[in-house]
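Trainee: Quick one: sequence and predicted model below, then my questions.
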Amino acid sequence: KCGALKKAQEVLEELKNHDVVSWSTLIAGYAANNQGHEALKLFACMQREGISPNEVTFICVLKACGSIGAVDKGTQIHVHIMCMEMLMESIVLGTALVDMYAKCGVLTKAQKTFEEIPHRNLVSWNALISGYTQMELGCEALNCMEKMKIEGISPNESTFICLLKACGSIGAIHKGKQIHEEIANMGLLSKNIVLGTALVDMYVKCGVLGKAQQVLEELYVRDVISWNVLIAGYISQLGQGHEALNCYSQMQREGLSPNEVTFNCILKACGSSRAIGKGKQIHSEIVSRGLLEKNIVLGTAMIDMYTKCSMLAKAHKVLRSLHFRDIVSWNALIAGYAQEGKGREALDSYTLMQREGLSSDEITFTCILKACGSIGAVEKGKQIH
């Protein structure tokens with residue numbers, strides 16, 4: 001429980017007698033800490049000692065299989081459970097099987113297993129709906145909800161979060177509005193910020209940004225994640241950079257501190273709206289918080305912002321100051337030079353990138369070919385060809 005799993009394993013190994021409870025406790029610890037491979041190794045050790053797994057062991061091992069996508073091992077365990085005739089007695093075990101197959105993306109098997117569970121409850125329905133949602137099979141997830149209601153089972157907050165994500169993935173705005181109304185009638189929005197954020201995200205994904213903002217402003221509690229969802233939504237729409245910046249200002253007025261995701265989004269907004277003054281302010285804040293040293297995505301967003309605002313020397317300076325550079329950050333600078341018709345600077349940057357041992361990708365080649373064309377560097381263009 002304290003996360004000291006190696007110590008827990010040492011204690012188990014020092015015991016004179018191991019039983020299924022002590023083994024299951026340790027396996028559960030590894031499974032809960034997303035160390036699925038270690039959990040499966042321990043399960044194999046337990047079996048070599050001749051100790052037969054119980055329901056708790058199987059539930060933990062299935063969770064481990066789902067976390068690492070070990071569907072073959074999960075299928076073997078399914079067979080083992082069937083041989084021991086445990087599935088007819090345990091809805092929890094059946095749900096764990098459905099969840100394992102869903103997490104591994106084998107949804108036909110998850111559906112088949114689900115249908116074989118004698119008594120289904122809300123948790124087992126949620127496992128199946130979550131699986132369809134994760135694979136962006138929104139229609140199937142929504143169909144499950146209708147079937148669940150026919151069986152007389154009402155959705156809970158977890159169900160609604162999955163269903164809203166499903167609506168967003170397929171643009172089902174009409175269904176999303178119905179679910180919104182149902183959530184409001186049940187009074188759930190006053191208690192659950194995650195559910196409120198899922199609702200904002202659904203409207204964003206469906207392109208109804210005015211409604212998304214209205215929902216956000218009506219939430220009893222807002223946090224940086226819910227604001228990030230809305231800000232990112234405005235950035236995804238061309239020409240909506242100013243709206244994103246307005247949301248950022250409102251978020252700050254509420255006393256919320258931006259995180260790295262917020263900064264990444266706002267730098268994009270500054271670039272798209274050429275708000276260089278705001279971009280410089282954000283740059284200073286990022287540097288003062290020491291974020292630039294750790295986050296290459298943030299550094300790349302800053303380079304891109306300066307290139308979009310035609311401040312290429314500043315973009316180059318930011319790139320050189322990064323502790324770690326990758327092909328994406330170099331591409332942002334090279335693309336900026338190529339876009340501004342500064343072919344020589346683009347080629348020089350390309351040479352520097354190669355000296356760092358980085359390989360070009362399609363974006364690099366596209367930008368460099370454009371740079372060669374802009375300055376008539378036909379021989380260099382032939383080399384790139």
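Mentor: On my side now, so go ahead.
Trainee: and Val221, how many neighbours?
Mentor: When counting by other Cβ atoms under 10 Å, one arrives at 11 neighbours for Val221. For glycine as for every other residue, the C-beta is placed from the backbone atoms N, C-alpha and C.
Trainee: What residues does it make contact with?
Mentor: Ile193, Gly196 (Cβ atoms under 8 Å, 6 or more residues apart in numbering).
Trainee: ok, now Cys45?
Mentor: So Cys45 contacts Trp23 (Cβ under 8 Å, 6+ apart).
Trainee: Asp326 contacts Val297, doesn't it?
Mentor: No. In this structure Asp326 lies outside contact range of Val297 using Cβ atoms under 8 Å: 9.6 Å.
Trainee: got the buried residues for stretch 308-325?
Mentor: Lys308, Cys309, Met311, Leu312, Lys314, Ala315, His316, Val318, Leu319, Leu322, Arg325 (16 or more other Cβ atoms under 10 Å).
Trainee: Which pair of the residues you listed spans the longest distance?
Mentor: The distance between the two most remote of the buried residues of stretch 308-325 (Cβ to Cβ) is 20.6 Å, for Cys309 and Arg325.
Trainee: Stretch 353-366 spans what distance, first to last residue?
Mentor: By Cα to Cα, to the nearest Å, the extent of stretch 353-366 from end to end equals 15 Å.
Trainee: what mean pLDDT does that stretch have?
Mentor: Regarding stretch 353-366, the rounded mean pLDDT is 94.
Trainee: Could you do stretch 139-147 as well?
Mentor: Per-residue scores along stretch 139-147 average to 95.
Trainee: buried residues in that stretch?
Mentor: Buried-residue list, stretch 139-147, by 16+ other Cβ under 10 Å: Glu140, Ala141, Leu142, Cys144, Met145.
Trainee: starting at the chain centroid, how far to it?
Mentor: 23 Å (Cα atoms, centre = their mean, to the nearest Å).
Trainee: thinking again about what came up before, going by distance to Pro118, which of the buried residues of stretch 139-147 wins?
Mentor: So of the buried residues of stretch 139-147, ranked by how close each gets to Pro118 (Cβ to Cβ), first place is Cys144, at 18.2 Å.
Trainee: Sticking with that closest one, tell me its helix or strand.
Mentor: helix 138-150 (DSSP states H and E).
Trainee: And the next helix or strand past that helix?
Mentor: helix 157-170.
Trainee: how big is the angle separating that following helix from helix 138-150?
Mentor: Angle of helix 157-170 versus helix 138-150, following axes from the mean of the first three to the mean of the last three Cα atoms, to 10 degrees, is 150 degrees.
Trainee: Name the residues that touch helix 157-170?
Mentor: Counting by Cβ under 8 Å, 6+ apart, 122, 125-126, 129-130, 132-133, 136-139, 141-142, 145, 148, 155, 172-173, 175-176, 179, 182-183, 188, 192, 194-195, 198-199, 201-202, 204-206 sit against helix 157-170.
Trainee: Please apply the same query to stretch 183-202.
Mentor: By Cβ under 8 Å, 6+ apart, the list of residues contacting stretch 183-202 reads 157, 160-161, 164-165, 167-168, 176, 180, 212, 215-216, 218-223, 225-226, 229-230, 233.
Trainee: Buried ones among these?
Mentor: For those, a neighbour count by 16+ other Cβ under 10 Å gives the buried set as 160-161, 164-165, 167-168, 176, 180, 212, 215-216, 219, 222, 225-226, 229-230, 233.
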